[in-house]
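1. Pasting the sequence and the predicted coordinates here, then a few questions.
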Amino acid sequence: MPSLPVTPAAKPLTGPQKALHKLGLVRPIDLALHLPLRYEDETRLLQLRDVSEGDVVQVEGRVTHAEVKLGGHRQLLVTLDDGSGTCLLRFFSFYPSQQQALAVGNRIRVRGEIRGGFAGLTMMHPVVKPAGGALATALTPVYPTVAGLPQTYLRQAVQSGLARTDLPDTVPAQYLQEIGLHPSWHLRQALFFLHNPTPDVSLDTLLDHSHPAWQRLKAEELLAQQLSQLQSRRARARLRAPVLAGAGVASLFARLLAALPFQLTAAQQRVVAEINQDIARAVPMHRLLQGDVGAGKTVVAALAAAQCMDAGWQCALMAPTEILATQHFAKLVAWLQPLGVTVAWLTGSQKAKERREMLALIASGQAALVVGTHALIQAKVQFKQLALAIIDEQHRFGVAQRLALRDKLASQDLEPHLLMMTATPIPRTLAMSYYADLDVSTIDQLPPGRTPIITRVVNDARRNEVIARIRDQLVQGRQIYWVCPLIEESEALDLRNATETYAQLSAALPGVQVGLLHSRMASPEKKEVMRLFVAGQMGVLVSTTVIEVGVDVPNASLMVIEHAERFGLSQLHQLRGRVGRGSAASACVLLYATGDAPRLGEAARERLKAMAQSNDGFEIARRDLEIRGPGEFMGARQSGDALLRFADVIEDAMLLNWARRLAPLLLDLHPDLAEQHVQRWLGSKADYLKA
Ligand code: ADP
Ligand code: MG
C-alpha cells in the first residue's frame, strides 16, 4: 500500500496545501518526483559589461537615479550602476516600501532578464534584494506550479518531501548498465541532483533532459508505465470471458457479410480476423481498433457484434455523442434488422416511455444489440448477458466511463470483451510499444473508389469566392458543411460566429435550405436538423464542431472550415473526413483569418500546410507529433489523463524499448521490486491507469 499522508482532520488545508493536492503532490515521494522545469542561477554575480539580451542574470550595484514617471503608464524608473555598466530597471507597479529600497545611493542586488531597447540594457520588474547577501551554492529550481502556490513554498515542500522519503533503488544495477547509465546514478542521487544541481553542470543537458540524472528518471518513469500496464494485462489474463466462437454458414456473421453492399477491404478482413480470434478465447479481449476517418470501422464493429450474437450473447456499442449514436443505430438497424436482429437504443434525451421499453428489451435479452450514448452505463441499465462492449471514439470517454460499461456484465466470474475504436491513430510502432496493455488492430487502407479530397488554404478575405463555389456544388446536387469553431472560453463569441455565418449564407443563397447546428440547441432540434441534412433536404449545414466525429453523409462534397487556424491538426483531419465519403470529387476549404496580426503564427501555418499536403491520418499524426511535441500529443489522446510527465516516447524510444523488455523480467524475477516501483511512481493512480 502507498503510504498516504496523514492529514489531521481537524486542521483545514491552507491555500498552498490545497494547491499541492491539486497538483497531485500528496505523498513525500510525489513531491520528490516533482521535477524542475528550469533553473535560475543565483550562485554568481555578473558584470553588466558581460551580459547580453535574453540572459537571466544577477548583478549588484548602486542606484544612481530613481524617478516616478507619470503620464501614460505610471512607472518607476531606476538606474543601476555596477561599475562596469548601467542598466535601467522598470517597475509598473510598486509599493512605497519598494520605492524606498530603490532610493538613490542604495546598493542592491537584482535578478531578471536582460532586454535591449534604445535606452540601453533594461530589466522589467527584476527581483530586488539588498546587496551583499550570501550567494546560493546550487542552481535554484523553478517548478511547474499553479495559481496560489508560490515557488518558495513549493521549493520547501519539495525539499522536505525529498528528505522524508526512503529512496532505495528498485531497478537492479545490471539493467541500468544496458542503457549506459553509470551505477552511481542511483535514484536518490539523481533526484537530489535534479533538485539541487551544482553550478558547474551544463544547463543545456538539464533543460533538454539528456543529463544522466534525467535519463535515470525517464527510464524509471517508462518502466513504471510498462510495469503497470503489464500487471493489468496479466491480471486480465487470469479472468474468464464468454467464448464467442466460430460461426457456421447459416450464422448471422456469414449472412451479414453476404448482405453487405460492398466487399471488405483486405485491411478490414485482417482486423475482423484478429478480433474474431480474440473473442473466441475465454480470456477478455482488450483491443484498440485504429483506422483513419472513413476507413470503415463501423462494419468491423457490426461483424464483431454478429459473432457475439451468434454465440447467444448481447453486445453494446457506445458512442460519445447523440448524433453519432443515432448514425450507428441507423446503420446497424439497416444491416441487421433484415436478418432478424432486434437493436435497442438508449440516449439521454429519450422519452420516458420509449426508454422503459428499451430497458425491458435489454433486460430480457430480446435486444441482442444495444446502441447508445453514456446513457448505456447508467445504473438502471441491466443487460441479460453482455459479452462484448464496443466503444467508439474511445478517447472521448473518461477511464471511469469505460470501466462502467465493462462492469455491466452481471456475472461474478466473467468479464466482457472490450473493443475500443479510434480515428485518431498513433503511429503503429509507437502504439505497439507504448500500450503494453492493449492489442492494437490497424485498418491502414481506405475502401476503394474514394476520390482524394483536395484541400485549399484560403484567406478569409476571399470568402465571397468560397460562397460562389458553394453555389456551384449546390447546382450539382451536392451538399456542403460549413464548420465554425467552438472554443469553450469564448463560447458566446463563437456562437455569434456560427449564427452570423448562418445569416450570411442564408442571405447569399436564396432558395437554398441552410441549417444551423450547435451544442446549445435542444436535442430534438439538433436531431431534426441532422435528419434533414442526412435526407438530402438541406443544402448547407452550418455547424460548430458537434459534427466532428463519425457523421456519414456521402453526398456532402465540400467542407468549409472557418477560422481553421484555431483548430488542432487532428481535429481538422477528423472534420475533413466528413467529406470524400462518396465517389464524387470532394474538397475542403480551410479559411483562415489573421485578426490584427500581419500573418499567421508559425504553428498554425504549419498545421494548415500539413492539411493541404496530406490526406493520410497516420501522416497527419506524424506531423502533429512534430509540431506539438509528443507529450502533448499522447496527453490529448488520453482525454486528460496524460501518462508520461518526463519521458518522450519518440525521443526516448531507446528507453521505452528497454522498459518494455525489462518489465516482464522484473515482474517475474523481482516481483517485490516491481510492485514497489509502480507504487512509488503511480501510487494511488495505479489502479486508475489500468482501466
Ligand atoms: P469510420 O472508420 O470513419 O467509422 P465508417 O465505418 O463510417 O468509417 O465507414 C465510412 C463509409 O464507408 C460508410 O459509408 C461505410 O458503409 C463505407 N464502407 C465501409 N467499408 C467499406 C468497403 N469495404 N467498401 C466500400 N465502402 C465501405
Ligand atoms: Mg466511425
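-> That came in fine, so what should we check first? Ligands and ions are numbered 1, 2, ... in the order given.
2. Return the residues of the stretch 551-691 of the chain in contact with ligand 1.
-> Asp552, Arg581 (C-beta under 6 Å from any ligand atom). C-betas here are computed from N, CA, C, even on glycine.
3. count of residues packed around the residue of the stretch 551-691 of the chain found nearest ligand 1?
-> Nearest residue of the stretch 551-691 of the chain to ligand 1 (C-beta to the nearest ligand atom) works out as Asp552 at 4.7 Å. By the criterion of other C-beta atoms under 10 Å, Asp552 has 18 neighbours.
4. for Pro172, what are its contacts?
-> His670, Leu673 (C-beta atoms under 8 Å, 6 or more residues apart in numbering).
5. how near is it to Gln613?
-> 47 Å (C-beta to C-beta, to the nearest Å).
6. What of Ala32?
-> Here the criterion is C-beta to C-beta. By it, Ala32 lies 45 Å from Gln613.
7. Could you check which of those two is surrounded by more residues?
-> Counted by other C-beta under 10 Å, Ala32 and Gln613 do not tie: Ala32 has more neighbours, with 25 against 12.
8. isn't that one right up against Val158?
-> Yes - with contact defined as C-beta atoms under 8 Å, Ala32 counts as touching Val158 (7.0 Å).
9. what about the nearest residue to Val553 once chain neighbours are set aside, how many residues close to it?
-> Nearest residue to Val553, sequence neighbours excluded (C-beta to C-beta, 6 or more residues apart in numbering): Val534, at 5.6 Å. Using other C-beta under 10 Å, the number of residues around Val534 comes to 20.
10. How much space separates Val534 from ligand 1?
-> As judged by C-beta to the nearest ligand atom, to the nearest Å, Val534 and ligand 1 stand 12 Å apart.
11. Mutual contacts of Ala32 and Val158, please.
-> His195.
12. If we go by neighbour counts, what in the lengthiest strand in the chain is buried?
-> Secondary structure of the chain per DSSP state E: the longest strand is strand 56-69. Neighbour counts over strand 56-69 (16 or more other C-beta atoms under 10 Å) mark Val57, Gln58, Val59, Glu60, Gly61, Val63, Ala66 as buried.
13. need the residues you listed in a markdown table with distance to Gly72, can you?
-> Output for these, formatted as a markdown table (distance: C-beta to C-beta, whole Å):
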| residue | distance to Gly72 |
| --- | --- |
| Val57 | 28 |
| Gln58 | 30 |
| Val59 | 28 |
| Glu60 | 31 |
| Gly61 | 27 |
| Val63 | 23 |
| Ala66 | 18 |
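14. With respect to Phe329, which of those residues is nearest?
-> Nearest to Phe329, judged by C-beta to C-beta, of the buried residues of strand 56-69 is Val57 at 64.5 Å.
15. Contacts only, for that closest one.
-> Counting by C-beta under 8 Å, 6+ apart, Val57 has contacts Asp41, Leu46, Val51, Arg111, Gly112, Ile114.
16. contacting residues for the fifth one?
-> Applying C-beta under 8 Å, 6+ apart, we find Gly112 in contact with Val56, Val57, Met123, Met124, His125, Pro126, Val127.
17. so how far is Pro664 from Ile29?
-> 25 Å.
18. Check Leu474 too.
-> 60 Å.
19. Which positions in the very next helix or strand once past the longest strand of the chain come out as buried?
-> Toward the C-terminus, strand 56-69 is succeeded by strand 75-81 as the next helix or strand (DSSP states H and E). By 16+ other C-beta under 10 Å, the buried positions in strand 75-81 come out as Gln75, Leu76, Leu77, Val78, Thr79, Leu80.
20. same thing with stretch 264-274?
-> Neighbour count says stretch 264-274 has Leu264, Thr265, Ala267, Gln268, Arg270, Val271, Val272, Glu274 buried, by 16+ other C-beta under 10 Å.
21. just those that are near ligand 1?
-> Checking those against ligand 1 (C-beta under 6 Å from any ligand atom), the matches are Leu264, Thr265, Gln268.
22. Now do the same contact list for the first one.
-> Looking back up the chat, that one is Leu264. Applying C-beta under 8 Å, 6+ apart to Leu264 gives the contacts Leu257, Val272, Gly296, Val299.
23. hang on, the earlier thing: in helices, which of the ones next to ligand 1 among the buried residues of stretch 264-274 fall?
-> Gln268 (DSSP state H).
24. could the ones next to ligand 1 among the buried residues of stretch 264-274 go into TSV alongside pLDDT?
-> Converted to TSV, those look like this (pLDDT from 0 to 100):
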residue	pLDDT
Leu264	97
Thr265	96
Gln268	98
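25. would you list the ones next to ligand 1 among the buried residues of stretch 264-274 in a markdown table and tack on distance to Leu252?
-> Formatted as a markdown table, those follow (distance: C-beta to C-beta, whole Å):
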| residue | distance to Leu252 |
| --- | --- |
| Leu264 | 16 |
| Thr265 | 21 |
| Gln268 | 18 |
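26. which SS state does Trp335 fall under?
-> helix (DSSP: H, G, I helix; E, B strand; the rest coil).
27. For whichever residue of the stretch 51-200 of the chain sits closest to ligand 1, give me its contacts.
-> As assessed by C-beta to the nearest ligand atom, ligand 1 sits closest to Pro144 within the stretch 51-200 of the chain, at 36.8 Å. For Pro144, the contact set (C-beta under 8 Å, 6+ apart) comprises Leu23, His34, Leu37.
28. residues near the last one, how many?
-> This means Leu37. By other C-beta under 10 Å, neighbour count at Leu37 equals 10.
29. do Gly580 as well
-> For Gly580, the neighbour count with other C-beta under 10 Å is 25.
30. Please, which helix or strand holds the residue nearest to Ile279 when sequence neighbours are not counted?
-> Nearest non-adjacent residue to Ile279, counting by C-beta to C-beta, 6+ apart: Leu244, 4.2 Å away. Using DSSP H and E, Leu244 falls within no helix or strand.
31. Tell me how many other residues surround Leu244.
-> Neighbour tally, Leu244, other C-beta under 10 Å: 29.
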